[in-house]
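Peer 1: The following block contains a protein sequence and its predicted model.
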Amino acid sequence: MGYEAVPGLVETVAGHGETTLVVDAARIVEACTHLRDEQGFNFLSDLTPTDYLGWGGRGVSGYIGTRAGRDLHAPGTQGLARVPVPKPKRFAVNYHLLRLADDPVRVRVQAWLDDGEEIDTVVPVWPTADWFEREAWDMFGIVFRGHPNLARILMEDDWEGHPLRKDYPIGGEPVRFSGEE
Amino acid sequence: MSVVESTTKIYEGSRIPSPIPTVLQVDPAKHALDDILTINFGPNHPSTHGVLRLVVDLDGEHVAGIAAVIGYLHTGFEKTMEQKTWWKCITYPERIDYVSFQVNELAFVLAIEKLLAIEVPQKATWMRMLLSELTRVHSHLVWLGTSALELGAISMFWYTFDDRDATLDLFEMVCGTRMHTRYFQAGGLAEDIPEGFFDQAREWCKKMPKAIDEYEAILDRNAIWLKRTKGIGLLSADDAIALGQSGPVLRASGVNWDLRKNMPYLAYDEVSFDVPVYPEGDVYARYKVHMNEMRESVRIVSQCLDRLAEMRGEPWIADDRKVVLPPRHELHTSMESLIHHFKIVTEGYVVPEGEVYSCVESPRGEFGVYVVSDGGPKPWRVKFRAPSFVALQATATCMTDAAIADMIAVVGSLDGVMGEVDR
């Protein structure tokens, strides 16, 4: 079955045996409702963002990677073999859908956001999105408009920052026993 | 048999609370009566399966409102894995859910293999299946022991942990450790199956069904057990799907869904087993699903043993020197092997750019791993779809019109492992 009728569809990407539907973030609820009602995706397996800050620039300490492959004239010992395909925006919100029926299919819906952009909640479409979206807010600071209870879920309520962002420092927790007092 | 039977009616309509699907809020009219007592369960209450906190509003003995508070075991697994090379990351998924360690490891290894597009020898596939089913039995035994313990059947705990020990002995024999084995590698298995394993595993297969019969004999005619589990914690098929439930919770609500049957991975389409489905949607049905799943797992284990016995001498790991460590003995004679060994151990192998979602039927339901690779030796992003995390979202729905004592049975039957919930 094709996905051409999905509202706000930007492109369909196939890779590693999986289908990804890139959808306009502003029309995510429309797209999800369509997929649930018209195409039978009644089950939301997973909802998770990815932070692509610094994508492609990480850890190239040796071979200088280019789109075509390694530049063998550049000195070094290790690093990325090639620079990955650049991403359109910083955050991708991924919805892993499943048609839980006699003809099961999985599909990934992907919406792109920049830092500070908001996206509509899909809790009315799949109630199971509640905690997933809270976790996404907690870990990435992505605001889901219209979420009934968008509070932190894994970190403490007064936690500062969003730990799974790429610019969140590792070891960022203040050390209490510093001996400097 | 179709996946969702239209005849299943556990209750009319939906009981998912609104507007927040995971919090049962006290009726404002009741609140005004000033009769509501708010109490705090946990995070260290012994019957919360770890560190789960429940804030419960009580009207007499009846639960008027409930909210689950999680995060006490959050240790940042996903962030940590972004800093480790792929092959070191394999040790992490099993520590997330410490009861179904081997299945979690499998999901992550399958994700790496999907990105690498590496061919796995059939011996490894069948051994993975065998160990997955052993893990399922192990996990269900722990579930049965602790859930029965919480409802007062202390003896069950000793019996089940005895058999759990026998199961872990098998793991020790194959992998050297009893839990958190790191036996699955990208490409196959870490080591060949030891010779003595087959006899001991067959012995286990003979013993287990009898043990399961005994457990059922203890519980199924126990008036207290029946009273405290039958008709408690109802969840309809539609609500279960809307709340993303999977595994035994979903099957106890009358949905005939098992990833091993409906979307087979490994070689599950080559073994014969049944998927237990119960339409009642209560705690008792979940217990029955667990019991029958253990029986089916033993069936699968013995079929795997038959097939593996024919595969003696076959390779157990793929022959791809860019990913798989070379055999130890080659390091003394081959320069290339030494280089490969050194490169894989220090730098890690490189996984092609891409994103995949791989999932398996863990003892708790659909355990999924979403990984993104930028083509380097470390994952860019790892996300676990933890079935326990999702199962706890159903607490409020299951607790509609329930009494405080039922809460213990309900939370136990949802089978949350807090390490997996909080990750």
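Peer 2: Looks like it came in fine.
Peer 1: Surely residue A:108 is in contact with residue A:96?
Peer 2: Yes: look at residue A:108 against residue A:96 with C-beta atoms under 8 Å: they come within range, at 5.6 Å. No exception for glycine: its C-beta is placed from N, CA and C like everyone else's.
Peer 1: So, low pLDDT: which residues of the chain?
Peer 2: Unless you meant another one, I'm taking chain A. A:1, A:57-81, A:171-181 (pLDDT under 70).
Peer 1: Hmm, no, I was thinking of chain B.
Peer 2: B:1, B:5-8, B:31-33, B:45-49.
Peer 1: Now do the contacts for the residue of chain A found nearest chain B.
Peer 2: Proximity of chain A to chain B (C-beta to the nearest C-beta) peaks at residue A:128, 3.1 Å away. By C-beta atoms under 8 Å, 6 or more residues apart in numbering or on different chains, the residues touching residue A:128 are A:44, B:21, B:242, B:243, B:244, B:390, B:393.
Peer 1: what's the burial count for the nearest residue to it once chain neighbours are set aside?
Peer 2: Among residues not flanking residue A:128 along the chain, residue B:244 sits closest, at 3.1 Å (C-beta to C-beta, 6 or more residues apart in numbering or on different chains). Per other C-beta atoms under 10 Å in any protein chain shown, the neighbour tally for residue B:244 reads 31.
Peer 1: Now do the same for residue B:244: helix, strand or coil?
Peer 2: Three-state assignment for residue B:244 (DSSP: H, G, I helix; E, B strand; the rest coil): coil.
Peer 1: Would you mind measuring from it to residue B:50?
Peer 2: 21 Å (C-beta to C-beta, to the nearest Å).
Peer 1: quick one: which of the contacts of residue A:128 has the most company?
Peer 2: Neighbour-wise, these (other C-beta under 10 Å) top out at residue B:244, 31 neighbours.
Peer 1: Look up phi and psi at that residue.
Peer 2: Backbone torsions of residue B:244, given as degrees, to the nearest 10, read phi 70, psi 20.
Peer 1: Residue B:95 now?
Peer 2: Torsion angles, degrees, to the nearest 10, at residue B:95: phi -80, psi -10.
Peer 1: residues near the spatially closest residue to it that is not a sequence neighbour, how many?
Peer 2: In space, residue B:95 comes closest to residue B:180 once its chain neighbours are excluded; the distance is 6.0 Å by C-beta to C-beta, 6+ apart. Using other C-beta under 10 Å, residue B:180 is surrounded by 18 other residues.
Peer 1: Could you do residue A:12 as well?
Peer 2: Neighbour tally, residue A:12, other C-beta under 10 Å: 14.
Peer 1: Over to residue A:118?
Peer 2: 13.
Peer 1: Look up phi and psi at it.
Peer 2: Residue torsions, per degrees, to the nearest 10, at residue A:118 are phi -110, psi 160.
Peer 1: can you pull out the strands in chain A?
Peer 2: With DSSP state E as the criterion, chain A has strands at A:9-15, A:18-23, A:43-51, A:64-66, A:69-71, A:91-98, A:106-113, A:118-120, A:143-145.
Peer 1: want to throw the ones you listed into JSON lines with distance to residue B:354?
Peer 2: Shown next, in JSON lines, are those (distance: least, C-beta to C-beta, whole Å):
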{"stretch": "strand A:9-15", "distance to residue B:354": "6"}
{"stretch": "strand A:18-23", "distance to residue B:354": "9"}
{"stretch": "strand A:43-51", "distance to residue B:354": "12"}
{"stretch": "strand A:64-66", "distance to residue B:354": "16"}
{"stretch": "strand A:69-71", "distance to residue B:354": "17"}
{"stretch": "strand A:91-98", "distance to residue B:354": "13"}
{"stretch": "strand A:106-113", "distance to residue B:354": "12"}
{"stretch": "strand A:118-120", "distance to residue B:354": "24"}
{"stretch": "strand A:143-145", "distance to residue B:354": "27"}
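Peer 1: nearest to residue B:93, of those?
Peer 2: strand A:43-51 (14.8 Å; C-beta to C-beta).
Peer 1: Return the residues of the stretch 201-350 of chain B in contact with chain A.
Peer 2: B:241, B:242, B:243, B:244, B:255, B:257, B:262, B:263, B:347, B:350 (C-beta under 8 Å from any C-beta of the partner chain).
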